[in-house]
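J.: sequence-free structure coming up:
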Ligand code: URA
């Protein structure tokens, strides 16, 4: 990271997460080996999401926000829903919180190209309100299909809403972090982290968040 970028982050009160170790070797990166059948399934799903009008969020969105990253990755990150920047750019986690998420990934040698990032909802709820149960219900099949196609070794639930939905619980996030959970029938290992937007509001929690990232790195090495 150059001096200008560091100054930019500093101006936003974002501390830089230093990479301390090598990248986990379990992160798959070989884009040469893309299966054409899988590619077709992705294209179909992307089109379905793009044209989705199942709920009223389709009327207020600028565009859908499908997901970004490496479709052959071991590590899938799932957030809550697009915000204003994501709705404008069509990509998850691109606002201030997204910049911090990038730094969090970088701290354990990962980035947006070595992971896949998506949200439960593919459209922005107006005024960034919480997703409504019926919106989540209608959008979940898209997320499930993404999980099936990626077949990740590990899922990271980014923030309380994603964690509570994926684990079907009301447990507070403070009790869910630093534990190994499992998702779905395939019992995919799942870890919960604080939402970067929360960390921007509560910078003192960043030390805990770094411990969460180290836990992810450790588990990725072990599985
Ligand atoms: N918050 C989320 O949960 N997802 C995004 O894509 C952006 C902000």
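T.: Now that the structure is in, tell me what you want to look at. Keep in mind that this is a model prediction, so the values were computed, not measured. Residues are numbered from 1 along each chain as shown.
J.: residue boundaries of the strands in the chain?
T.: Shown for the chain, the strands assigned by DSSP state E span residues 68-69, 75-79, 116-119, 154-158, 181-183, 188-193.
J.: just checking, which of the ones you listed sits deepest inside the structure?
T.: strand 75-79 (a mean of 27; mean count of other CB atoms under 10 Å). Every C-beta, even on glycine, is put in place using the N, C-alpha and C of the backbone.
J.: beta partners of the residue of the chain found nearest the ligand?
T.: The minimum distance from the chain to the ligand, using CB to the nearest ligand atom, falls at residue 79 (2.9 Å). Beta bridges link residue 79 to residue 119, judged by DSSP bridges.
J.: Just put the strands of the chain in CSV and tack on mean pLDDT.
T.: CSV is the format used below for the strands of the chain (pLDDT from 0 to 100):
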stretch, mean pLDDT
strand 68-69, 98
strand 75-79, 98
strand 116-119, 98
strand 154-158, 98
strand 181-183, 98
strand 188-193, 98
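J.: of all these, which lies closest to residue 44?
T.: For the strands of the chain, proximity to residue 44 was assessed by CB to CB; strand 116-119 is nearest, at 16.3 Å.
J.: Mind checking the strands of the chain for the one nearest to residue 56?
T.: strand 116-119 (17.3 Å).
J.: Test my guess that residue 104 contacts residue 196.
T.: Yes. Residue 104 lies in contact with residue 196 (CB atoms under 8 Å); the separation is 6.6 Å.
J.: In contact with the residue of the chain closest to the ligand, which residues?
T.: 92, 93, 117, 118, 119, 120, 158, 159, 162, 195 (CB atoms under 8 Å, 6 or more residues apart in numbering).
J.: Swap in 10 Å and give it another go.
T.: Residue 79 is in contact with 65, 86, 92-93, 97-98, 101, 117-121, 156-159, 161-162, 195-197, counting by CB atoms under 10 Å, 6 or more residues apart in numbering.
J.: Next, the distance between the ends of stretch 114-124.
T.: 25 Å (CA to CA, to the nearest Å).
J.: wait, stretch 181-188
T.: End to end - CA to CA - stretch 181-188 spans 8 Å.
J.: And for it, what's in contact with it?
T.: 76, 78, 144, 147-148, 151-155, 157, 163, 166-169, 171, 189-192, 223.
J.: what about 7 Å?
T.: 152, 154, 155, 166, 167, 189, 190, 192 (CB atoms under 7 Å, 6 or more residues apart in numbering).
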